[in-house]
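> Sequence and computational prediction follow.
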Amino acid sequence: MHVLILGAAAGGGFPQWNCHCENCKGVRTGSIDAKPRTQSSIAVSTDGEKWVLINASPDLREQINSHPQLWPAPHVKRGTRISAIVLTDSQIDHTTGLLTLREGLPLPVYCTDVVKEDLTTSFPLFTVLKHWHGGLQQHTISTNYADSFVPEGADGLTFQPVVLESNAPPYSTYRDNIVSGNNIGLKITDNASGNVLFYAPGCMQANDTVKQVMREASCVLFDGTLWVNEEMIDHGFSNKLGTDMGHMPVNGDNGAIALLNDFNVARKVLIHINNTNQVLNEGSCAYRTLTQQGIELAYDGMEIEV
Ligand code: MLT
Ligand code: MN
Ligand code: ZN
């Protein structure tokens, strides 16, 4: 399976338009060794012709335009290689790119019932998009790990939902009161090789299924939002801890590095990295600590064969 990282940053991107923190300032002025990153999305494919878009970032237009793999096929006047969209949650950074796809609708979209509820009530993107060629054709993802599904165009891949402990967006009726399905990770198995990709961009705590899938995975793309839990508070940007927002920190005893170190996974990659995270500076101790342990930092345009 081919995996294409379209956007490796968390909400806001890197640099974030209104942020002049050390990282954002540094990447803007070129004074630190860091790569700009767009907001959170990946695409997967078996044949390199049809791609399943996983999460639709506000930066989707730019992401498609800068990745030839996703350009329309040469012989068509209008069209897309995106055969389906899968959503892991109803956050702005994972859904607003759906608006960018309006000219190419109808397209199938796969999400849980509670994500559909958010996207038809408090943040009604699905409702709005009905005005473009009938809009999105929604297919329900169950919250039961055993209920596998195959998105349109993803022949040869098996998708399974992995319910994640995280939070719901501020506009969701489930904010701070989550139910199963507000956030899922995806276990994606390549049927031919048996290789497994685990994608979990927002995870506050690893449950048993998360651990089980990590045991089976050849590649894990895992929540790298914040280096420390107090990061947003320390910067004076928010009064919430990372875990309040649904993200475990990368560093520390209960962090993503410690978790990933418990498993023998060929490719361990942090993704969904917030612009405040010191690991973005490739000259930092944090970056050294990460890479010395064999963990990679996702960047836009990164390609992984699983
Ligand atoms: C999150 O995962 O918490 C988001 O990045 C928030 C956002 O998009 O504003
Ligand atoms: Mn996010
Ligand atoms: Zn910043």
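Thanks, I have it. Ligands and ions are numbered 1, 2, ... in the order given.
> With residue 43 as the reference, measure out to the residue sitting furthest away from the middle of the chain.
Of all residues in the chain, residue 75 has its C-alpha farthest from the mean position, at 31.1 Å, by CA atoms, centre = their mean. Between residue 75 and residue 43 the distance is 21 Å, computed by CB to CB, to the nearest Å. C-betas here are computed from N, CA, C, even on glycine.
> what about the closest residue to ligand 1 within the chain, neighbour count?
For the chain and ligand 1, the shortest gap (CB to the nearest ligand atom) falls at residue 11, measuring 2.1 Å. Residue 11: 19 surrounding residues under other CB atoms under 10 Å.
> So for it, what's the nearest residue that isn't a sequence neighbour?
residue 93 (3.8 Å; CB to CB, 6 or more residues apart in numbering).
> again with residue 83
That would be residue 153: by CB to CB, 6+ apart, it lies 2.5 Å from residue 83.
> The one you found contacts residue 47, correct?
No - using CB atoms under 8 Å, residue 153 is not in contact with residue 47, being 9.0 Å away.
> Of the two, give the one with the bigger neighbour count.
Taking neighbours as other CB under 10 Å, residue 153 and residue 47 compare with residue 153 leading, 18 against 12.
> Next, that one: secondary structure please.
The three-state label given to residue 153 by DSSP: H, G, I helix; E, B strand; the rest coil is coil.
> Report the contact partners of it.
Shown in contact with residue 153 (CB atoms under 8 Å, 6 or more residues apart in numbering): 50-52, 83-84.
> Out of those, name the ones that lie in helices.
Nothing among these maps onto helices, per DSSP state H.
> Looking at stretch 95-105 now, give me its mean pLDDT.
Here stretch 95-105 scores 98 as its mean pLDDT.
> Go ahead and produce CSV holding the CA coordinates of it.
What follows is stretch 95-105, C-alpha atoms only, in CSV (Å, rounded to 0.1, in the frame of the first residue of the first chain):
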residue,chain,number,x,y,z
THR,A,95,-13.4,18.2,7.5
THR,A,96,-13.3,21.7,6.0
GLY,A,97,-11.5,20.4,3.0
LEU,A,98,-14.8,18.8,2.0
LEU,A,99,-15.9,22.3,0.9
THR,A,100,-12.9,22.4,-1.5
LEU,A,101,-14.2,19.1,-3.2
ARG,A,102,-17.6,20.7,-4.1
GLU,A,103,-16.9,20.9,-7.8
GLY,A,104,-16.2,17.2,-7.9
LEU,A,105,-19.2,15.9,-6.0
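> Which residues are in contact with the closest residue to ligand 2 within the stretch 51-200 of the chain?
Residue nearest to ligand 2 within the stretch 51-200 of the chain: residue 93 (4.2 Å; CB to the ion). Residues in contact with residue 93 (CB under 8 Å, 6+ apart) are 10-12, 39-40, 55, 57-58.
> swap the cut-off to 7 Å and go again
10-11, 39-40, 57-58 (CB atoms under 7 Å, 6 or more residues apart in numbering).
> do residue 247 as well
For residue 247, the contacting residues are 202, 204, 223, 225-226, by CB under 7 Å, 6+ apart.
> How about residue 290?
Residue 290 touches 257, 279, 297, counting by CB under 7 Å, 6+ apart.
> Now for those residues, which sits with the most neighbours around it?
residue 279 (26 neighbours).
> Which helix or strand contains the closest residue to it other than its chain neighbours?
Leaving aside its sequence neighbours, residue 279 sits nearest to residue 286 (CB to CB, 6+ apart; 4.3 Å). Using DSSP states H and E, residue 286 sits in helix 285-292.
> Pull out the buried positions in the helix or strand encompassing residue 257.
Residue 257 belongs to helix 256-261 when assigned by DSSP H and E. For helix 256-261, the buried set under the neighbour-count rule, 16 or more other CB atoms under 10 Å, comprises 256-257, 259-260.
> For it, name the packing helices and strands.
The helices and strands touching helix 256-261, judged by 3 or more CB pairs under 7 Å, 6 or more residues apart in numbering; DSSP states H and E, are strand 219-223.
> which SSE is the residue of the stretch 101-250 of the chain found nearest ligand 2 in?
Closest contact between the stretch 101-250 of the chain and ligand 2, by CB to the ion, is at residue 202 (5.9 Å). Taking DSSP H and E as the definition, residue 202 sits outside all helices and strands.
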